[in-house]
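S.K.: Build me a model from this:
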Amino acid sequence: MVKTASSPVTITVSSGGKETGSRSVGLTSPVPRASKSNNPNSPSPLGGRGNRRASSGGRYSSMSKDDPGEEMNSEFVTYTVHIPPTPDRPSISASQTSLNEDGKDGLKLKPERSFISGTIFTGGYNSVTRGHAIGCSSERPETLKLGSVCGMKGCDEKAIEGKCECGFKICGDCYLDCVGTGGGHCPGCKEPYKDVDDDDDDDEVRSEAEDRALPLPSKFDTRLSLVKSFKGQNHPPDFDHTRWLFETKGTYGYGNALWPKDGFGLGSGANGFENPPDFGERSKRPLTRKVGVSTAILSPYRLLIILRLVALGFFLTWRIRHPNREAMWLWGMSITCELWFAFSWILDQLPKLCPVNRVTDLSVLKERFESPNLRNPKGRSDLPGIDVFVSTADPEKEPPLVTANTILSILAVDYPVEKVACYLSDDGGALLTFEALAETASFARVWVPFCRKHNVEPRNPEAYFGQKRDFLKNKVRLDFVRERRRVKREYDEFKVRINSLTESIRRRSDAYNAHEELRAKKTQMEMGGNLSDPIKLHKATWMSDGSHWPGTWASAEPDHSKGDHAGIIQAMLAPPNTEPVYGTEADGENLIDMTEVDTRLPMLVYVSREKRPGYDHNKKAGAMNALVRTSAIMSNGPFILNLDCDHYIYNSLALREGLCFMLDRGGDRICYVQFPQRFEGIDPNDRYANHNTVFFDVSMRALDGLQGPMYVGTGCIFRRTALYGFSPPRATEHHGWFGRRKIKLLLRKPKATKKVEDEIALPINGEHNFDDDADIESLLLPKRFGNSTSLAASIPVAEYQGRLLQDVQGKGNNGRPAGSLAVPREPLDAATVAEAISVISCFYEDKTEWGKRVGWIYGSVTEDVVTGYRMHNRGWRSVYCVTKRDAFRGTAPINLTDRLHQVLRWATGSVEIFFSRNNALFATRRMKFLQRVAYFNVGMYPFTSMFLLVYCILPAVSLFSGQFIVQALSVTFLIFLLAITITLCLLAILEIKWSGITLHDWWRNEQFWLIGGTSAHPAAVLQGLLKVIAGVDISFTLTSKSATPEDGDDEFADLYVVKWSFLMVPPITIMMLNSIAIAVAIARTMYSPFPEWSKLLGGVFFSFWVLCHLYPFAKGLMGRRGKVPTIVFVWSGLLSIIVSLLWVYINPPSGSKDYMKFQFP
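M.R.: Predicted coordinates for the structure are as follows:
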C-alpha cells in the first residue's frame, strides 16, 4: 500500500475471482490524458509532473496481495467489492485469443477493451475508495501501424513519399491541411516544406479546392468560366461567376448559364442538365426558422382578448354598483370570487399574445458539421458531445424493464456514437437496477445494430414490437423479417431475465447468508463457544461473484440502507473508438448480419451517489447535480439531456433537432431546448386530462414567443455552462413601463466595466489570464463548484466545445473553428473515475453553491420550474422544439388518486415558489414583462382554489336560501353574461386553430381544472402555508410508473381502481350539496304559492355547470361496472344527514315553535 500524509482517500484496485487469482492492476491509461492539474499530490501514471490527473480527494495507489507491510488505517471502513463479468468485459482468455487471431496479419485489430468498463468503483465519507476488477490485464496491445500509413494522429490514409527529408509519412489530405493551416511546416521536424513557398501557400490550397469542386472536363465546360472576384470583400476567395449568372438570371456569351447534371455536361436526362445545387454558403444557411402564426388567426385572437377584457370590466362594474340588498352576504362572496377570477384570467391570458412555431433543417446540420472540408478532410463528425441523464429511485415503483427500454432507446439514438454518453442515476442504490443495467448493455449489442441497419422507429423495443401498425411498411431489405424475428425472440428472453432478477437476487443472497451462518457456527464450535448462543450476522445482499453489494441491502443494515450507503460508479460500456467498427456475418453467436453496420455503442455508466444519515440529499435535484459533476469529469459533453426513467426517445433524430437551435446563429444565448411531453397508455377519452395538451401546445408555444418556455423536468437539452450558473454572452435589460425601453448588455468581455452582484461571466480566449478580476474569479471556483480541480478544469473546455462556429458567430465574435471537435476523445482511466467518486460524496456540496446557484436549484418540490426561472432571470433564452414526429414519449398516471397526488405535488411547489425569493415579483430587468407575468402566474394559480371552492358552493347555498347573487335576472345581467361566455368560446376556438389541439382536449382541461382546483390545490395551499409559517416539512411519495401490461390484461386496468384519499372529500361534498340543493329548490318552487322561477333557473344553471365539470370525478368513483366503494356511500349518507339537519335548523317547518328546544330526561 502506498500512502502519503496529505490525503485520507485511498483507491485500491484488486483483481479477484476463482479463475484468475489476486494480482495488482496498474492504474494507467493507454494514452496520457491532456488535462491540467494544480494538485501536486495528483497521480501520474508516467511518474512525471506533466500529465497528471487532478484529484480533489487525495491520491490513489495500487495494492495487491503481495504488499506485506502496510495496514489499513483504523478510521476507514474496509471492504472489497467484486463484480461479475459484464457485457463489455469478457474473460481475459477470450480477449487475448481474439487479439492474437486478428493481429496475425497486422491489418485487422479489434478495438481495445477498456480497463474501466470491467471495474466497479465505490467510496465515500470515511471509507476507502476502491475499484475492483476481475480478469483485467494492465498490459495493452500496442496499435500496429503499417509503414505506408499516415503518421498524423487519428489518420490511417495511405502516405505519400518525398514530402520532407525527415521521412515523416503524411497523406495528401493531411499535407494540404498542414500547408493551408499549419504554416507549411512538417509535423515531424517542424521545418518548412522545401517544395512550398510561403507566398504560394494560399494559391496551392485554393487550386486544390478548385480541382475537387469542379466537375469533370467535357465539351460543355468550354462555355463555363471560373473567375476571381476583385470587388466583393464579403465573397469567399473563389467566386464562381457562372453560379452568380444562374442566380441572377444573367447571360454569359450566348444562352443562359446551365448547370450540368451530376457534374457532367451532355449527360443523361432530357437535356443532360438539372437544377443547380444550393449555392448559399454553409455558414449563412440557417439551421432553424421561426414560423409565426397566421395573421388571420392571431389578429382576431388578440382582438377578442381585448373585447373580453372590456366586457369583464363593464360586468364587474355593473355588479359592484347593483348589489343584492336582500342577500348582501351572498353578493359579497360572489363579487369577491369574480374579481379574483378576472385577475387570474388576465395573468393566464397575457402571456399568450405572441405564439410562434419553429422548424429545423437537419440537412444543413449534416452539411455543416459532418461534411468533409479542409479542416476536416475525413468528414468526421464535428458535432458537440451530449450527456444523457436518466434518473430512477425505486425499482419497485419504477420497474427495471421500463428503465431498460429507455436506456436502449438512448443507446440507439441517431447521433455520432463517440459523442453520446448515457448516465443512469440510481438513487436507491439497488442491486436489481445494477444487474438490470448489465443485462441491458448485453442486449444492446444486438438491438442497436438492428436499429441502425433497418432504421426502425421507435427504438424502444417494447414500443416497437408492441406497435399495431404494419411493420413491413417501407422495408425493402430481404433479411428484415428474418432478423426481426430473431431479435424479437432475443428480446422476449431479455424480458424474462429482467423479470427473474428479483427472485434470483433473493435466492442467491439467502444461500450465501445461510453459508455464512454455517461458517460462523463452525467457528464458534472451534473456539469452544456455546451453540445455544445466538449469532449476530447481517443479512447481506450478494452479487453473483460472491461479494457484498456496496449499495442498499434488502435487510437495510447500517451502511447499506436507502439513506446510508457508499457511492458507486460502474462504466458498463466503455467509451467507443473514433473510427467505425463493423461486425461480422450472422452465425451461431451473431443473430444478424453486421458486416455493413457500425457496432459501436455509446458509453454507459451506472451512478449511485453516496448517502449518509444527517445529510440533506435534496431528492431528485441532488441526484441530477451529482450526475452533472460525474459527467463533467468522465465525458464533459457541452450539452445535457435529462429524461425520466419512463420517458424514452421516440424520435431517433430528436437530439439533432434540439442542437439545431443551440448551434444556429444566436444559439449561444439559449440555455435549454424544451420538448413537449407526450404520453402513452392513456385511456382514449383522456378522463383526467393526462395529455395536458392545453399546457404543452398552447401555453408553452405562447411562451416561446417571449423569452422561452419553462423547464418541465424531463425532455430538455441544457447548455452545461448555463447549468453552472454563468450568465449568457449577451443580455437585454427592460426598463420603463412594461419593459418597453431596452438596453443591450455584452456580459462576456475581457475587462468588464462593472460587475453586478450574483453575476458570473465566462472569460473568452484566454484573455483573462492577465486580468486581476479573473484571478479573483479563479479563487472563488472552489467556493462555487467544490474543491475538485478536474471539475474546475472541465468548465472552460465545455464552454469552448459549446460555442458556435466562427463562420456562424460572425466577425469580431468568439467562436470555435470548424473541425475542432472532430479529434478523438481522450480515453477513460482509473484516475478519472476515482475523481468522479469523490464528487458524488455526501459532503462534497458543503459550503459550495451547488443547489443555490449552480446546477438544479434546491428548496422546492418543483425544482424544475425554479431552475428554469433562475436561468431566464440571468438573461438566458429558451426554445420550444415541437417535432413532426414526437421526440419523447412517456407514461402518466391514469388512476384518479395517483393523478390527484401528482397535481398536489406540482401545486405545492408553486406555493413554495410564491413564498420564496423565486417569486417573479423579485425578477431582474433581464426578464421580459410578459415572461415575468407567466412566472408570477405559476406561483399564484393554486390560490385560485380557495375562491373556486366558495364559488362552487354558492349555487347550492343560493338554492337552499332562495336568494341569488343578483336581486333579479335583468336583461343587462344576461347580456353581460352572454358576452363573457361567447368571447370565452371564441377564444377557445381560435386557440384550437393556432395550436392544433382538439375541442375535446380543451374541454377535458376545463373539467380537470375544476377537479384539481377543488381537491389538490386547496391542500397544496394548506401545506405550503404550514411549511412557511410552522416549518412543517413536505414529503411526497414517488409516482408509480405503470409496467407493461401482459397479454390478455386490460391496458387501462388502473383507470378503474378506486384508492381512497382525503383529497376526494371536497369534490364529493360539492357534488352532494349541489345535487340535494337542486332537488330541494325544485320541490319548494313547485309547491310554493308564489314560485320564483327566475331565481330557480339561475341557481340550477350554475349548479349544473359545477356538476358537469365534476362528471369525470364522479365517474372515477364508480370504478368498473358501477362498483362504488363503501366509503362513497358512507360519505354520501353522512353529508345528506348533515345537510338535512342544517336545512331544518335554518328554515324550520311552520307550526313547530319548540322544534329546536332539546330536553333531556
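
S.K.: Who's the closest spatial neighbour of the most centrally placed residue in the chain, skipping the chain neighbours?
M.R.: Note on the chain: the residue nearest the mean C-alpha position is residue 642, at 1.9 Å, using CA atoms, centre = their mean. Among residues not flanking residue 642 along the chain, residue 389 sits closest, at 4.4 Å (CB to CB, 6 or more residues apart in numbering). Placement of C-beta: from N, CA and C, glycine included.

S.K.: Could you list the paired strands of the helix or strand harbouring that neighbour along with their orientation?
M.R.: Taking DSSP states H and E as the criterion, residue 389 maps to strand 386-392. Strand pairing for strand 386-392, using DSSP bridges, gives strand 420-426 (parallel), strand 639-644 (parallel).

S.K.: list the buried ones in the next helix or strand after the first one?
M.R.: Scanning forward in sequence from strand 420-426 by DSSP H and E, the next helix or strand is helix 431-454. Neighbour counts using 16 or more other CB atoms under 10 Å place 431-441, 443-454 of helix 431-454 among the buried residues.

S.K.: Against which helices or strands is helix 431-454 packed?
M.R.: Helices and strands touching helix 431-454, by 3 or more CB pairs under 8 Å, 6 or more residues apart in numbering; DSSP states H and E, are helix 400-411, strand 420-426, helix 480-499, helix 501-526, strand 567-573, strand 603-608.

S.K.: Residue 656 and residue 364 touch, don't they?
M.R.: No: the criterion here is CB atoms under 8 Å, and residue 656 misses it with residue 364 at 10.9 Å.

S.K.: Quick one: residues contacting residue 943.
M.R.: Residues near residue 943 by CB atoms under 8 Å, 6 or more residues apart in numbering: 911, 914, 1021.

S.K.: pLDDT value on it, please?
M.R.: On pLDDT, residue 943 comes in at 94.

S.K.: Can you pull the phi/psi pair for it?
M.R.: Backbone torsions of residue 943, given as degrees, to the nearest 10, read phi -70, psi -20.

S.K.: Can you add mean pLDDT, mean neighbour count and distance to residue 904 and give the helices and strands packed on helix 431-454 back as a markdown table?
M.R.: Shown next, in a markdown table, are the helices and strands packed on helix 431-454 (pLDDT from 0 to 100; neighbours: other CB atoms under 10 Å; distance: least, CB to CB, whole Å):
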| stretch | mean pLDDT | mean neighbour count | distance to residue 904 |
| --- | --- | --- | --- |
| helix 400-411 | 95 | 26 | 23 |
| strand 420-426 | 95 | 26 | 25 |
| helix 480-499 | 92 | 16 | 32 |
| helix 501-526 | 89 | 14 | 30 |
| strand 567-573 | 93 | 26 | 32 |
| strand 603-608 | 95 | 26 | 29 |
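
S.K.: and those as CSV, adding distance to residue 970?
M.R.: Output for these, formatted as CSV (distance: least, CB to CB, whole Å):
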stretch, distance to residue 970
helix 400-411, 59
strand 420-426, 63
helix 480-499, 68
helix 501-526, 69
strand 567-573, 72
strand 603-608, 68
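
S.K.: Among these, single out whichever gets nearest to residue 958.
M.R.: Each of the helices and strands packed on helix 431-454 has some distance to residue 958 by CB to CB; the shortest is helix 400-411, at 49.5 Å.

S.K.: Would you confirm that residue 635 contacts residue 422?
M.R.: No: at 9.7 Å, residue 635 and residue 422 do not qualify as touching, with contact defined as CB under 8 Å.

S.K.: and the residue nearest to residue 642, how many neighbours?
M.R.: By other CB atoms under 10 Å, the residues close to residue 389 number 25.

S.K.: Quick check: beta-bridge partners of it?
M.R.: residue 423, residue 642.

S.K.: Check the gap between it and residue 429 for me.
M.R.: Residue 389 is 17 Å from residue 429, where distance means CB to CB, to the nearest Å.

S.K.: Likewise for residue 611?
M.R.: 7 Å.

S.K.: What of residue 312?
M.R.: When distance is defined by CB to CB, residue 312 is 55 Å away from residue 429.

S.K.: same check, this time on residue 421
M.R.: From residue 421 to residue 429 the distance is 21 Å (CB to CB).

S.K.: Confidence-wise, which helix or strand of this protein is lowest on average?
M.R.: Lowest by mean pLDDT, DSSP states H and E among the helices and strands of the chain is strand 23-24, with a mean of 34.

S.K.: Who has more neighbours out of residue 312 and residue 429?
M.R.: Remark: of residue 312 and residue 429, residue 429 carries more neighbours, 26 against 21, as counted by other CB under 10 Å.

S.K.: pretty sure the more buried one is touching residue 565, no?
M.R.: Yes: if you go by CB under 8 Å, residue 429 and residue 565 touch, sitting 4.6 Å apart.

S.K.: Give the residues shared as contacts by those two.
M.R.: 551-552, 608, 611.

S.K.: Just among the residues you listed, which is most surrounded?
M.R.: Among the shared contacts of residue 429 and residue 565, the one with the most neighbours (other CB under 10 Å) is residue 608, at 27 neighbours.

S.K.: So it sits against residue 426, correct?
M.R.: Yes: the criterion here is CB under 8 Å, and residue 608 meets it with residue 426 at 4.6 Å.

S.K.: which residues do the two both contact?
M.R.: Common neighbours of residue 608 and residue 426 (CB under 8 Å, 6+ apart) are 434, 551.

S.K.: So what does the nearest residue to residue 393 once chain neighbours are set aside have for phi and psi?
M.R.: In this structure, residue 393 finds its nearest non-sequential neighbour in residue 427, 4.2 Å apart by CB to CB, 6+ apart. When quoted as degrees, to the nearest 10, the phi and psi of residue 427 stand at phi -70, psi -10.

S.K.: Which residues are in contact with residue 427?
M.R.: Applying CB under 8 Å, 6+ apart, we find residue 427 in contact with 391-393, 608-609, 617, 620, 623.

S.K.: ok, those vs residue 984, which is closest?
M.R.: Nearest to residue 984 out of the contacts of residue 427 is residue 620 (CB to CB; 37.5 Å).

S.K.: How about that closest one: what's its closest non-neighbour residue?
M.R.: Counting by CB to CB, 6+ apart, residue 620 lies nearest to residue 391, which is 6.0 Å off, once chain neighbours are set aside.

S.K.: I'd guessed that neighbour sits against residue 642; true?
M.R.: Yes: here residue 391 reaches residue 642: they are 7.4 Å apart, a contact under CB under 8 Å.

S.K.: shared neighbours of these two, which are they?
M.R.: Shared contacts of residue 391 and residue 642, defined by CB under 8 Å, 6+ apart, are found at residue 624.

S.K.: closest one to residue 131 among the strands paired with strand 386-392?
M.R.: Distance to residue 131, taken as CB to CB, is lowest for strand 420-426 among the strands paired with strand 386-392, at 17.9 Å.
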